[in-house]
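Colleague: Generate coordinates for the sequence data below:
(chains A and B)
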Amino acid sequence: MERRTLFGGRLLPAVLVAPQLAITVLFFLLPAWRAFSESVQATDAFGLNTTFVGLANFRTLLGSPVYQAALLRTVIFCAAVTVLSMAGGLVLACFANRGIRGQSVYRVLLIWPYAIAPALASVIFVFLLQPQIGLLSNVLARLGIDFNYATNGTDAFGLIVLIAAWKQVSYNFIFYLAGLQSVPASVIEAATLDGARGFYRFRTMIWPLLAPTTFFLLVINTVYAAFDAFALIFALTGGGPGSSTTTLVVKVYRDGVINLDLGGSAAQSVILMALIMVLTTIQFRYTGKRAT
Amino acid sequence: MNRRPDYLAHAVLIIGVLIFIFPIWVAFAGATQSAGAINRGDLSLIPRLSGLPVFIHALGFGNTAKGGVPIWHMMMVSALMALGIAIGKIAISSISAFAIAFFRFPFRMVAFWLIFITLMLPVEVRIIPTYSVMSDFHLINTFTGLTMPLIASATATLLFRQVFIAVPDELVEAAKLDGAGPMRFFFDILLPVSGANLAALFVILFVYGWNQYLWPLLVATNGRLDTIVLGIVQLITSDQLTPWNLVMAATILAIVPPVFVVVAMQRWFVAGLTEVDK
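Modeller: Predicted coordinates for the structure are as follows:
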C-alpha cells in the first residue's frame, strides 16, 4: 500500500533519513564488507603480510571436523530450544485462554521473564547449580546424581538448552496467547456442539488456525537460539568444558577475540550472515508480514 | 452456566509460574544470607529479614579486579545506555520512516533496503570487523561507542512506516489545508496518533538496551563503562571467591528495572510486540 497524499521537497527527506543511513553504513555495512574482504585473505603469524587466498578460508573451515561439530551442535541446540520453549509457551497459552478466573494475573506472572537479560539468567542458574554451593546440585547429589556443568560436557549442553528455553517460553506464550485470542469463538462453539472435546478439538480445529503463528515462532526461536543465546552460553560456560557448548556464534568470538584467527573468524562471520539472511528471507517471504 | 473452577488449568498455570519464579526466589533468598553460609552449601529458601540491607550494601560493592567500579555506577551506565538506545532508535527510526512514507525522493527505495539489511547483520555475526571499525573511529571505551552503533533499527523503521502508511490521507490533507508544514505535521499529528506504538516500542527497546551483553563486552574494556549485566557476569567468572550474597543482590537489582517496565506497560507491550515482530 502506498499513500497518495505526499509532501514535496527533496532536501528535507534526505536530511531525515541521513542519521539512520549514516549509522547503517558505518556500523553495519562497513564491518560486513570488512568481514567479506578478510574472509578471502590470509594474514601471516606476525600480522605483517596479507595475501589474497580466495575461498581457501572457507574450504579449511568447512572441511574442519571442529567446525562441523560446532555446526551440528548448533543445529541440535536450536532444535531443542525451539521445541521446548514453543511447547511450553503453547501449553501455558492454551490453559491461560480457557476463560478462568485470574487470567490477567496469570498473564503478568507468565510474561515478565521476557525482561530478564539472557546473561543474568545464566548467572541465576549458576547459583542454583554450581557444583559446590548450588541448591539444586546439592539436591541432585543427595539423589545420587552428579550434575556438574563445569566438567561434564553433556551436563553443560543440557543446561544451556534448559536456560535458553526457560528464558524464551514467555515470548512464545505471548504470541500463542495472541494467536488463540484471535481464534473466533464461533469456531470453538461449533466444534463443541459437534461434540469435539479436549485434545481432539485442539488438534483438528485450533492447531491449524495457529499455523501462521507457529511458523513465525519457528523462525524467530531459531534465530534466538542461533544468535541471541550467545550471551547466555558465554556467561555460563564460555563455550566449554572443552568445546561442548561452543555453538557457531561462540566459536566466532573464541576464534576471533581470544585466538586472534582473523581470517578464519571472518569466514565464519560470512557463513553466519548467509545463514541469517536465509532465515530472515524465509520469515518475510512466508509469514507475509512487515515487508513491502 | 455455573461451572466448577477449571482446576487443571489453574494447576498447569501455577506450575508454569513457579518454574519462572523459583530461580529468582532462590536468588532473592540467597542475597539475604551470609556469604559464608552460602559457600558452605547451607542455603535456606527462607529469606533472612536481617539480611535485607544487602540490597543497599550491594550498590556500593564493586569488582576490585577491574578497578572497583561500584554496582550503582554500573546501574547508571545501564540506565543511560538503555534510555539512549530506546530514545535514539525511536528518534532516528521515526524520522526516516516519515521520510520514506511521506516523500518521494531519489533513491528512496535504496534507502529503505539499506535500512532493511541491518536486520540481517546482528552484532553476533560480525564481531571482529565491528570491533575494528569501532577502534578506527576511537569509539572503544566511549559512551557514544556503547550506544550509537545499536541505534540503527530496521524493526522500528518498518513498524513506524507501517503505522504512518495507515494514517488516513484526509488527515494529511486537513493538516496541509491548515498550512502545516511537514515537520509541524510530524510532531503535532503523526507522533501523537502513534502513541501506543511508541510506548510498545519503548518497552521493547529499553529491555533490549538494558540486557545487552556482547556489545559492552567488546566496547567497555576498562571498567568505567561496565554495564550491570556485564559487571555481574565478570563478578562470577573472576578467580576470587565469589561473594554470592552480594552478587545475587546485584542480580536482583539488575532485573528489576526491565521487569518493572514490562509489567507496568504490559498492555501496550503485549499488543506492540505481536505487532512489531510480525
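
Colleague: So which residues of the stretch 51-200 of chain A form helices?
Modeller: With DSSP state H, counting those that start in this stretch as the criterion, the stretch 51-200 of chain A has helices at A:56-63, A:65-96, A:103-111, A:118-129, A:135-142, A:153-181, A:185-193, A:198-201.

Colleague: tell me the mean pLDDT over the third one?
Modeller: Model confidence over helix A:103-111, given as mean pLDDT, is 92.

Colleague: With the longest one instead?
Modeller: Mean pLDDT, helix A:65-96: 95.

Colleague: burial of B:Asn245, as a residue count?
Modeller: By other Cβ atoms under 10 Å in any protein chain shown, the residues close to B:Asn245 number 23. Where you see a C-beta, it was placed from the backbone N, CA and C, and this is true even at glycine.

Colleague: before we move on, what about A:Leu71?
Modeller: When neighbours are defined as other Cβ under 10 Å, A:Leu71 has 17 of them.

Colleague: likewise B:Phe143?
Modeller: Using other Cβ under 10 Å: B:Phe143 sits among 16 other residues.

Colleague: interface residues of the stretch 151-292 of chain A facing chain B?
Modeller: Neighbours of chain B within the stretch 151-292 of chain A, by Cβ under 8 Å from any Cβ of the partner chain: A:166, A:169-170, A:174-175, A:178, A:216, A:220, A:227-228, A:230-231, A:234-235, A:238, A:249, A:252-253, A:256-257, A:262, A:265-266, A:269, A:272-273, A:276-277, A:280, A:287, A:289-292.

Colleague: Buried among the residues you listed? Need that as a selection in PyMOL.
Modeller: In PyMOL, a selection of the buried entries from those looks like this (16 or more other Cβ atoms under 10 Å in any protein chain shown):
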select buried, chain A and resi 166+169+170+174+175+178+216+220+227+228+230+231+234+235+249+252+253+256+262+265+266+269+272+273+276+280+287+290
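
Colleague: Nearest to B:Ser153 among the helices of the stretch 51-200 of chain A would be which one?
Modeller: Of all those, helix A:153-181 sits nearest to B:Ser153, with 18.5 Å by Cβ to Cβ.

Colleague: Show the contacting residues for the residue lying closest to A:Pro113 once chain neighbours are set aside.
Modeller: Computed as Cβ to Cβ, 6 or more residues apart in numbering or on different chains, the closest residue to A:Pro113 that is not its neighbour in sequence is A:Ser170, at 4.5 Å. Residues near A:Ser170 by Cβ atoms under 8 Å, 6 or more residues apart in numbering or on different chains: A:89, A:110-114, B:20.

Colleague: ok, those residues vs B:Leu198, which is closest?
Modeller: Out of those, the member with the shortest distance to B:Leu198 (by Cβ to Cβ) is A:Tyr114, at 19.1 Å.

Colleague: Highest mean neighbour count out of the helices of the stretch 51-200 of chain A?
Modeller: Highest mean neighbour count among these (mean count of other Cβ atoms under 10 Å in any protein chain shown): helix A:118-129, with a mean of 24.

Colleague: on that earlier part again, turn the contacts of A:Ser170 into a markdown table, columns for distance to B:Val193.
Modeller: Listed next are these as a markdown table, based on distance: Cβ to Cβ, whole Å:
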| residue | distance to B:Val193 |
| --- | --- |
| A:Gly89 | 32 |
| A:Leu110 | 31 |
| A:Ile111 | 27 |
| A:Trp112 | 29 |
| A:Pro113 | 32 |
| A:Tyr114 | 27 |
| B:Phe20 | 36 |
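
Colleague: hmm, which two among the residues you listed are most spread apart?
Modeller: Greatest spatial distance in these: A:Gly89 and A:Trp112, 14.1 Å, computed using Cβ to Cβ.

Colleague: Find the nearest non-adjacent residue to A:Gly242, please.
Modeller: Of all residues not flanking A:Gly242 in the chain, A:Gly153 sits nearest, at 5.8 Å (Cβ to Cβ, 6+ apart).

Colleague: right, and the one you found touches A:Ser244 too?
Modeller: Yes: judged on Cβ atoms under 8 Å, A:Gly153 makes contact with A:Ser244 at a distance of 2.9 Å.

Colleague: Can you get me a residue count around A:Ile145?
Modeller: Using other Cβ under 10 Å, A:Ile145 has 11 neighbouring residues.

Colleague: List the contacts of it.
Modeller: Residues near A:Ile145 by Cβ under 8 Å, 6+ apart: none.

Colleague: will you turn the helices of the stretch 51-200 of chain A into a markdown table that also has distance to A:Gly8?
Modeller: Conversion of these to a markdown table gives the following (distance: least, Cβ to Cβ, whole Å):
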| stretch | distance to A:Gly8 |
| --- | --- |
| helix A:56-63 | 49 |
| helix A:65-96 | 48 |
| helix A:103-111 | 45 |
| helix A:118-129 | 47 |
| helix A:135-142 | 65 |
| helix A:153-181 | 40 |
| helix A:185-193 | 49 |
| helix A:198-201 | 57 |
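
Colleague: Quick one: closest of those to B:Pro216.
Modeller: Proximity to B:Pro216 (Cβ to Cβ) singles out helix A:118-129 among those, at 9.9 Å.

Colleague: elements contacting the closest one?
Modeller: Counting contacts by 3 or more Cβ pairs under 8 Å, 6 or more residues apart in numbering or on different chains; DSSP states H and E, helix A:118-129 is packed against helix A:135-142, helix A:153-181, helix A:230-236, helix B:7-31, helix B:228-237, helix B:244-264.

Colleague: Now tabulate these in TSV and tack on distance to B:Val203 and mean pLDDT.
Modeller: Output for these, formatted as TSV (distance: least, Cβ to Cβ, whole Å; pLDDT from 0 to 100):
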stretch	distance to B:Val203	mean pLDDT
helix A:135-142	32	90
helix A:153-181	12	95
helix A:230-236	20	94
helix B:7-31	19	94
helix B:228-237	18	91
helix B:244-264	6	95
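
Colleague: wait, which of the ones you listed is closest to B:Ile85?
Modeller: For the helices and strands packed on helix A:118-129, the distance to B:Ile85 is smallest for helix B:244-264, at 12.5 Å, taking Cβ to Cβ.

Colleague: wait, does the closest one make contact with chain A?
Modeller: Yes: against chain A, helix B:244-264 shows contacts by Cβ under 8 Å from any Cβ at B:244, B:247-248, B:251, B:254-255, B:258-259, B:261-263.

Colleague: Give me the buried entries from these.
Modeller: Here, 16+ other Cβ under 10 Å leaves B:244, B:247-248, B:251, B:254-255, B:258-259, B:261-262 buried among the residues of helix B:244-264 next to chain A.

Colleague: how about the spatially closest residue to A:Leu129 that is not a sequence neighbour, what does it touch?
Modeller: Excluding the flanking residues, the one nearest A:Leu129 by Cβ to Cβ, 6+ apart is A:Ser137, at 4.9 Å. Contacts were defined as Cβ under 8 Å, 6+ apart; by that measure A:Ser137 touches A:128-131, A:147-148.
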